Structure formats: structure tokens, C-alpha cells
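**Q** this one's sequence-less:
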């Protein structure tokens, strides 16, 4: 996923390079022309150079670097033949899904607390009421909706992807990528903000 605030050309030279870059991306190769696999020479203009880097990232994108988990990748590469048999008619499975959907705007801990409350009053549910991870995985299998998260600048300047992937502070406003308080106290790198993308492939496959 690429999230980046557009930077407008501010001079005639920048405008020309910007237009040439767009023309290069949109150009259709001639029938007898072999595709040019060589990388374009980096521009000396900052926002054009960053755009070139993102274009290279897109050219080299594969399923293996798409941040999808192993099971989702396996389903994409080895699709089921015929209708997918997923039984959600079991009352306890339906109860698990109902709790999960009711907690869609809440935390994982909220789901676990509700599940534990049911089990406390009905101990026989301990083996049949799905855990949070199991319920989430079942929803993904039924709907094909799988989320991919990317760290964001707290001011939404850009996502920490592509040439910004390894940065620990925003390229433009220098705000910290991680919560400084938690980082100082525990050493854990907790993102201050994230953006979610829902890849199309698993959704189409679930239809």
C-alpha cells in the first residue's frame, strides 16, 4: 500500500520532469519493442525521485512481500476446487461469530472477556466457543476480507512503506513513528497510527 501526500511541481524544470515521468509510466510499448527492464536514472528533484522509488517498488511487488499471512497465501495459490464447505450452523460457532461481530469496534480483550464470562457460567462451552484468533480466521475464510496494516505518520504525511519502510520518524514532519512513551518505558515499538488495506484477491476468491 502507498500513501503519500502529493507534492506539486514548483518550477518549469520540475514540471517538465514530472510530465516526463508520468508519460513514461503511461506509455504503451510498441509491438516489436522489448520491455525495458533497466531502472530509470534517479532524478535530482526530491519528490520525483521518491515517486520513482515507489514505481520500482510496484514493479517488484509479489505475493511474498504483500504482508499476507502464510495461510492466506496458501489459499490464494491453491484455491479450493468447487464450493468451500464451511459449517457455521453449529450454535456455538454462531455464538462466537455473533460476539466477534458485536466487538468489531472494540478490542481483542473485550472479545476475550465476553467469551470468558460465557464459559464461567456455562463451563461446557470451554471447548466449543471459539477464541478470538479462531473466530477472526473463520470470518476471513467465509468473507475473504483480510486486512493488511501499515504504520502511518501521526499527521498522515505518508505510510511507512516503500522508501520510507525503515524510517523511525516521518520523512516530512519528523514525528516519531512509534509511541515515545511506551518506547521509553518498555522498549516496545508500538505504532502511533496505522492504515488498513483489504486486498482484493482473497475477496474475489471467496465469491
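**A** Done, it's in. Fair warning: this is a prediction, and the values are worked out from it, not measured in the lab. Numbers count the residues shown, from 1 in each chain.
**Q** C-alpha from now on. contacts and neighbour counts both.
**A** OK.
**Q** List the contacts of residue 163.
**A** Applying C-alpha atoms under 8 Å, 6 or more residues apart in numbering to residue 163 gives the contacts 50, 53-54.
**Q** Okay, it and residue 154: tell me how far apart.
**A** Counting by C-alpha to C-alpha, to the nearest Å, the gap from residue 163 to residue 154 is 18 Å.
**Q** one step back: just the buried subset of the contacts of residue 163, written out for PyMOL, thanks.
**A** Buried members of the contacts of residue 163, defined by 16 or more other C-alpha atoms under 10 Å, are picked up in PyMOL with:
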select buried, resi 50+53+54
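**Q** Reformat the contacts of residue 163 as a markdown table; add secondary structure.
**A** Output for the contacts of residue 163, formatted as a markdown table (DSSP: H, G, I helix; E, B strand; the rest coil):
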| residue | secondary structure |
| --- | --- |
| 50 | helix |
| 53 | helix |
| 54 | helix |
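**Q** which stretches of this structure form strands?
**A** 148-151, 194-197 (DSSP state E).
**Q** who's in contact with the first one?
**A** Counting by C-alpha under 8 Å, 6+ apart, the neighbours of strand 148-151 from elsewhere in the structure are 1, 67-68, 159-161, 177, 191-199.
**Q** if you set the cut-off to 6 Å instead, what comes out?
**A** 159-160, 193-197 (C-alpha atoms under 6 Å, 6 or more residues apart in numbering).
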